[in-house]
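1. Sequence and computational prediction follow.
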Amino acid sequence: SQTIHQWPATLVQPVGSPLSLECTVEGTSNPNLYWYRQAAGRGLQLLFYSVGIGQISSEVPQNLSASRPQDRQFILSSKKLLLSDSGFYLCAWTPTPGHTNYGYTFGSGTRLTVV
Amino acid sequence: LAKTTQPISMDSYEGQEVNITCSHNNIATNDYITWYQQFPSQGPRFIIQGYKTKVTNEVASLFIPADRKSSTLSLPRVSLSDTAVYYCLVGDVGNAGNMLTFGGGTRLMVKP
C-alpha cells in the first residue's frame, strides 16, 4: 500500500535561518507531488507541485523553493525564513493518469513556527 | 479550475444527519467531486468522491444533481468526533499536474 512520510512534525526556527522539509512517498511510482501551506484557521494554499523528477511548478511567489531530486522525494526549502513563513505545511501526492485514485493523500504535516 | 463555494460553518448535535452543500457552477466535463475531512493539526483525508448521481460508502453519502453544479455531502448520525473542517474539491484528478484548489472549507461543530 502507498504511504507518505513527512518530517519533522514540529519545527521552531529563528528568522533568517534556513529551512528544509522533506516528504517521501512509498508504494507508488511517478506520483504527482504537492506542497501546501495552511495558516491558522484558514484553508490550504498550494505552494508547489511536481509531475516528475526535477520538474517544479510554483503557484505563489514567495520566500520558498522546492526540489524533487528523486521520484518519490519532495523537498521544501528556504534560505532565510521570514516570520510570515510560519504555518502548517502539508505534503501530498496523487497518482499519475491511468491509475485509479481518489485524489490527494496528505502527509501528517509540519508545524513551522518562525520566531 | 472549478471554483467551489461552501458555508463557512455549521452546527449540529450528536445523532443528527448533517448535509453540507457545495456549489461549483463551472464544473467541467472531466471533473470529479471529492470531499475531504480535516482535523486540527492533521492533513485532510479523503471521505468520498463522485461524478454524478449518488455515491455511498461506510462513512458518508454524496448527492450530485444531474446538472452537477452542486453537490451535497451527507453525514448520517454525526458524533462529537465528526467535528472537523470539510472541504469540497472539484477537478480532474486524473490529469498530470492538475491542481485542485482548496477553498476555506466548512467548519462543522457537533455538540452533545
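-> Thanks, I have the structure now.
2. contacting residues around residue 105?
-> Assuming you mean chain A. Contacts of residue A:105 were listed using CB atoms under 8 Å, 6 or more residues apart in numbering or on different chains, and they are A:2, A:4, A:92-94, B:46. Glycine gets a C-beta too; all of them are placed from N, C-alpha and C.
3. oops, I was thinking of chain B
-> For residue B:105, the contacting residues are A:43, B:6, B:38, B:85-88, by CB under 8 Å, 6+ apart.
4. Which residue would be the closest one in chain A to chain B?
-> Here the residue of chain A nearest chain B is residue A:106; by CB to the nearest CB that distance is 2.9 Å.
5. Not counting its neighbours along the chain, what's nearest that residue?
-> Counting by CB to CB, 6 or more residues apart in numbering or on different chains, residue A:106 lies nearest to residue B:43, which is 2.9 Å off, once chain neighbours are set aside.
6. Count the neighbours of the residue lying closest to residue A:75 once chain neighbours are set aside for me.
-> Taking CB to CB, 6+ apart, and ignoring the residues beside it in sequence, residue A:75 has residue A:67 as its nearest neighbour in space, at 4.9 Å. The tally of other residues near residue A:67 (other CB atoms under 10 Å in any protein chain shown) stands at 16.
7. I'd assumed residue A:87 was in contact with residue A:39.
-> Yes. Counting by CB atoms under 8 Å, residue A:39 does reach residue A:87; the two are 5.1 Å apart.
8. can you tell me which residues contact residue A:111?
-> Neighbours of residue A:111 in contact, by CB under 8 Å, 6+ apart: A:9-11, A:88-89, B:41.
9. for chain A, which spans come out with low pLDDT?
-> A:61, A:97-102 (pLDDT under 70).
10. Kindly report the residues of it close to chain B.
-> By the rule CB under 8 Å from any CB of the partner chain, the part of chain A lying against chain B is A:32, A:34, A:36, A:42-46, A:49, A:51, A:57, A:59, A:88, A:90, A:92, A:94, A:96-98, A:101-109, A:111.
11. Can you verify my assumption that residue B:44 contacts residue A:44?
-> Yes. With the criterion set as CB under 8 Å, residue B:44 and residue A:44 qualify as a contacting pair; they are 7.3 Å apart.
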